[in-house]
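Student: just coords:
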């Protein structure tokens, strides 16, 4: 696995329209781990991809009416089988964190990379996902050296009270001990 021109080589790249430029003097120094499934707690479909592309068909599920006006993206999405899809180049500002703060700085989208895992707060993540996440994290830390182990956080850490993902089932020790 190699990063070239802010994209992971040899994986699927689907350009999301939901991004913008980072400020001129940005430094990528935070990695945010998320969990997502659409509909909630259902896996194996392409609804997350469609959501990040603003192509979610609202009539496909009642829940989609609640999120129909949201414009969201993430840099990476890791499916349960370990497949990675990139939606936003790492040097661009993906829209994954929302209202957030880290170490006294607000709007974490400005200085972070967001990784979505296909999952939910109430389910375990797969061995494939952990292995891919560990490998991706090592590459990101190598390419963006301001990302340190202590600046890898869950969405719940940077948006407490508003977000709960990746949830209690995410094995932080398993993950962090291998990077």
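Tutor: Now that the structure is in, tell me what you want to look at. Please read all numbers here as calculations on a predicted model, not as lab measurements. Numbers count the residues shown, from 1 in each chain.
Student: Doesn't residue 134 lie inside a strand?
Tutor: No. Looking at residue 134 with DSSP: H, G, I helix; E, B strand; the rest coil, it is helix, so not inside a strand.
Student: Test my guess that it contacts residue 171.
Tutor: No. When contacts are counted by Cβ atoms under 8 Å, residue 134 is not listed as touching residue 171 (11.2 Å). All C-beta atoms are positioned from the backbone trio N, CA, C, and that covers glycine.
Student: and residue 134, how many neighbours does it have?
Tutor: Look at residue 134: counted by other Cβ atoms under 10 Å, it has 16 neighbours.
Student: Residue 179 reaches residue 138, doesn't it?
Tutor: Yes. Residue 179 is within contact range of residue 138, at 5.7 Å (criterion: Cβ under 8 Å).
Student: of these two, who's got more company?
Tutor: residue 179 (16 against 13).
Student: Retrieve the pLDDT associated with the closest residue to that one other than its chain neighbours.
Tutor: Closest residue to residue 179 apart from its sequence neighbours, by Cβ to Cβ, 6 or more residues apart in numbering: residue 137 at 4.9 Å. Here the pLDDT value assigned to residue 137 is 98.
Student: would you say residue 141 is within a helix?
Tutor: Yes. Looking at residue 141 with three-state DSSP, it is inside a helix.
Student: Setting aside sequence-adjacent positions, which residue approaches it most closely?
Tutor: That would be residue 147: by Cβ to Cβ, 6+ apart, it lies 5.0 Å from residue 141.
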